[in-house]
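> give me a 3D structure for the following:
(chains A, B, C and D)
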Number of protein chains: 2
Amino acid sequence: MTRDVPPEVLSSRLGYLLKHAYLRLTEESSRALAPHGIDGRELAVLAVLDAHDELSQLEAGGKLGIDRTTMVTLVDALEDKELVERRRSPQDRRKNIVQLTPAGRERLHDAELARREMERRFLAPLSSTDATRLVRTLQSLVGAPTNADQASDSA
Amino acid sequence: MTRDVPPEVLSSRLGYLLKHAYLRLTEESSRALAPHGIDGRELAVLAVLDAHDELSQLEAGGKLGIDRTTMVTLVDALEDKELVERRRSPQDRRKNIVQLTPAGRERLHDAELARREMERRFLAPLSSTDATRLVRTLQSLVGAPTNADQASDSA
DNA sequence: CAGGATCGTCACCATAGCGGATAATCAACA
DNA sequence: TGTTGATTATCCGCTATGGTGACGATCCTG
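Numbering: from 1, shown residues only, chains lettered A, B, ... in the order given. Here you go, the predicted model:
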């Protein structure tokens, strides 16, 4: 892990900057969430399930940009940890409604605290106006329409 | 690829925002560079080699956060395309000095134009002050010292 | 020259995510 | 009502990516 300070040719490249900012955050994120036994992606799933009711796997995955097949293993893992439960939808028995268990809700709460604290530390080198500006800027970049879209994780 | 507009619970998460901004840029990047027959990572290597003289594989990799073993296959690919050449360092015959060929220099030039144009498009939804502010902000985040560091690509 | 570190290489392994096929179910419709 | 076509979840397997560990060649130190 010889990390030279980003060399001049790279420090102005958006690709380099975004990738490394993302990697660094990922690193911090897994460190912060490890004690809670989940990763950033799982936490995002819990948060989405908490925010909306009666989501099927596909619907939840759609909100996160997670592939249908990936959702299977993801929900498997969360179910093993007893943080969510699958339940056949009575309206449409093809669908698996995924619901938080009480333990899942609690875990979500605790892990969210850890995540927020982690983000705070991550943004510490910035002034608070720069920090909020960064979030707003990223929002407009991510929200803007482009040629193609695709995704997977979060944290 | 049902991309719902980022749901409320996610749009304020740094992890989600950084990841998806990065994914979107990656997408645009490969689209922009495809006609030039290289990817963002290879372009970054060419740029680093161009900026510094007499870099060994390890040294070049270090600047980009690319593992030594990954550099082997990367340089293999670039050498196959005749964009770089390996040369044993006379000073230290363990080292492979990697040099741009004339074709490599030309390719670098062309691809750099494409990349810059791509970045311009990518940042188009932002005002120009927001755009430069974003770059500066990311620089201070990436440059700031954290617990651990690690990396790989760019574009 | 001996011992230990460094560089490049290779063979192997881990992880993530996606494409394709399948079974169950639904919706549409003749 | 029976058939057809789409949809949901699941499984299997491929691919891409990157990293680990061992190895030979080389260097440096004493």
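> which parts of chain A are helices?
Taking DSSP state H as the criterion, chain A contains helices spanning A:8-11, A:14-33, A:40-51, A:57-64, A:68-80, A:102-122, A:128-143.
> how about the second one: buried residues?
Buried residues in helix A:14-33, defined by neighbour count with 16 or more other CB atoms under 10 Å in any protein chain shown: A:14-29, A:32-33. Backbone N, C-alpha and C define where each C-beta goes, glycine included.
> a markdown table for the helices of chain A, including mean pLDDT and distance to residue A:87?
Supplementary listing: the helices of chain A in a markdown table, determined by pLDDT from 0 to 100; distance: least, CB to CB, whole Å:
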| stretch | mean pLDDT | distance to residue A:87 |
| --- | --- | --- |
| helix A:8-11 | 73 | 49 |
| helix A:14-33 | 91 | 26 |
| helix A:40-51 | 95 | 12 |
| helix A:57-64 | 94 | 11 |
| helix A:68-80 | 95 | 11 |
| helix A:102-122 | 96 | 13 |
| helix A:128-143 | 92 | 32 |
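> residue B:73 is nearest to which of those?
Residue B:73 sits nearest to helix A:14-33 of all those, at 18.8 Å, using CB to CB.
> hang on, isn't residue A:64 packed against residue A:43?
No - Residue A:64 is not in contact with residue A:43 according to CB atoms under 8 Å; the separation is 10.9 Å.
> now the helices of chain A as CSV including distance to DNA strand C?
Supplementary listing: the helices of chain A in CSV, determined by distance: least, CB to the nearest atom of the strand, whole Å:
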stretch, distance to DNA strand C
helix A:8-11, 19
helix A:14-33, 10
helix A:40-51, 6
helix A:57-64, 9
helix A:68-80, 4
helix A:102-122, 17
helix A:128-143, 16
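> out of the ones you listed, which is closest to residue A:89?
Residue A:89 lies closest, by CB to CB, to one member of the helices of chain A: helix A:57-64, at 10.6 Å.
> what's the closest one packed up against?
When contacts are defined as 3 or more CB pairs under 8 Å, 6 or more residues apart in numbering or on different chains; DSSP states H and E, helix A:57-64 sits against helix A:40-51, helix A:68-80, strand A:96-100.
> quick one: the last one to helix A:68-80, angle?
Interaxial angle of strand A:96-100 relative to helix A:68-80 (axes from the mean of the first three to the mean of the last three CA atoms, to 10 degrees): 40 degrees.
> same thing with the first one?
With the same axes, to 10 degrees applied, the angle from helix A:40-51 to helix A:68-80 works out at 80 degrees.
> does chain B sit close to helix A:40-51?
Yes - using CB under 8 Å from any CB of the partner chain as the criterion, contacts between helix A:40-51 and chain B involve A:40, A:44, A:47, A:48, A:50, A:51.
> same question for the longest one.
No - residues of helix A:68-80 contacting chain B under CB under 8 Å from any CB: none, with a closest distance of 9.9 Å.
> tell me the contacts of the residue lying closest to residue A:131 once chain neighbours are set aside?
In space, and not counting its chain neighbours, residue A:131 is closest to residue A:123: 4.4 Å by CB to CB, 6 or more residues apart in numbering or on different chains. Residues in contact with residue A:123, defined by CB atoms under 8 Å, 6 or more residues apart in numbering or on different chains, are A:131, A:134, B:14, B:141.
> of the helices of chain A, which approaches residue B:78 most closely?
When the helices of chain A are ranked by proximity to residue B:78, the top entry is helix A:8-11, at 16.2 Å, counting by CB to CB.
> just the closest of the contacts of residue A:123 to residue A:79, please.
Within these, the smallest distance to residue A:79 is 27.5 Å, found for residue B:14 (CB to CB).
> so that closest one touches residue A:122, yeah?
Yes - counting by CB under 8 Å, a contact exists between residue B:14 and residue A:122, whose distance comes to 6.8 Å.
> just want the phi and psi numbers for residue A:13.
Backbone geometry at residue A:13, expressed as degrees, to the nearest 10, gives phi -90, psi 120.
> right, and it touches residue B:41 too?
No - with contacts counted by CB under 8 Å, residue A:13 stays clear of residue B:41, the gap being 11.4 Å.
> which one of those two has more residues nearby?
residue A:13 (24 against 21; other CB atoms under 10 Å in any protein chain shown).
> adding neighbour count, write the residues of helix A:40-51 next to chain B out as CSV.
Supplementary listing: those in CSV, determined by neighbours: other CB atoms under 10 Å in any protein chain shown:
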residue, neighbour count
A:40, 24
A:44, 27
A:47, 24
A:48, 23
A:50, 16
A:51, 13
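> got the residues you listed as JSON lines, with distance to residue B:127 columns?
What follows is these, written out as JSON lines (distance: CB to CB, whole Å):
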{"residue": "A:40", "distance to residue B:127": "31"}
{"residue": "A:44", "distance to residue B:127": "30"}
{"residue": "A:47", "distance to residue B:127": "31"}
{"residue": "A:48", "distance to residue B:127": "31"}
{"residue": "A:50", "distance to residue B:127": "35"}
{"residue": "A:51", "distance to residue B:127": "31"}
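> many thanks, I have nothing further to ask.
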